[in-house]
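In: this one's sequence-less:
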Ligand SMILES: C[C@H](O)[C@H](O)[C@H]1CNC2=NC(N)=NC(=O)C2=N1
């Protein structure tokens, strides 16, 4: 799958609240803050199950109620539609559109 250009990433992120391009356009990243660790880890569990289904996995860092997610496609060396799709799932989950 081919890498998106910086302009393509910007366009895609217009519809993805909270996500920003990082690492010279090689990743997209978003921070989340939950009420407590259970909420954060429950969210991560739902994302993990979906990631496994998609065979596309996040890089993330969790401390208590905070979660930082980095998405990139290793095999392409940058951001692809797979990252945009997973970011959309993550946002929908966060806003209650996904169970
Ligand atoms: C063999 C397996 O399909 C690959 O290693 C998958 C697994 N999950 C992945 N996740 C991400 N984020 N990028 C990849 O390139 C990737 N590749």
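Out: Good, I have the coordinates. Not measured: the values here are computed from a predicted model. Residues are numbered from 1 along each chain as shown.
In: in a helix, residue 90, correct?
Out: Yes - Residue 90: assigned to a helix according to DSSP: H, G, I helix; E, B strand; the rest coil.
In: tell me the pLDDT at the residue positioned nearest the centre of the chain?
Out: Note on the chain: the residue nearest the mean C-alpha position is residue 87, at 3.9 Å, using C-alpha atoms, centre = their mean. If you check residue 87, the pLDDT there is 98.
In: try residue 99
Out: pLDDT, residue 99: 61.
In: what is the longest helix along the chain packed up against?
Out: Assignment by DSSP state H gives helix 37-54 as the longest helix of the chain. For helix 37-54, the elements it packs on are strand 59-63, strand 66-71, helix 81-94, judged by 3 or more C-beta pairs under 8 Å, 6 or more residues apart in numbering; DSSP states H and E. For glycine as for every other residue, the C-beta is placed from the backbone atoms N, C-alpha and C.
In: please see if the shortest one touches the ligand.
Out: Spelled out, that is strand 59-63. No - legend: contact between strand 59-63 and the ligand by C-beta under 6 Å from any ligand atom is lacking; minimum distance shown is 7.3 Å.
In: quick one: contacts of that strand?
Out: Strand 59-63 is touched from outside by 40, 41, 44, 67, 68, 69, 70, 71, 72, with contacts defined as C-beta atoms under 8 Å, 6 or more residues apart in numbering.
In: before we move on, what about the longest one?
Out: The contact list for helix 81-94 (C-beta under 8 Å, 6+ apart) reads 1, 4, 12, 15-19, 28, 30, 32, 43, 46-47, 50-51, 54, 56, 58, 69, 71-73, 98.
In: now the end-to-end length of stretch 56-72.
Out: One end of stretch 56-72 sits 9 Å from the other (C-alpha to C-alpha, to the nearest Å).
In: which parts of it are buried?
Out: Residues of stretch 56-72 classed as buried: 56, 58, 60, 62, 67, 69, 70, 71, 72 (neighbour count, 16 or more other C-beta atoms under 10 Å).
In: would you agree the second one is in contact with residue 70?
Out: Yes - Residue 58 sits in contact with residue 70 when judged by C-beta atoms under 8 Å, with a separation of 6.8 Å.
In: show me what contacts the closest residue to residue 67 other than its chain neighbours?
Out: Nearest residue to residue 67, sequence neighbours excluded (C-beta to C-beta, 6 or more residues apart in numbering): residue 32, at 4.5 Å. Residue 32 is in contact with 18, 40, 43, 66, 67, 68, 69, 94, counting by C-beta under 8 Å, 6+ apart.
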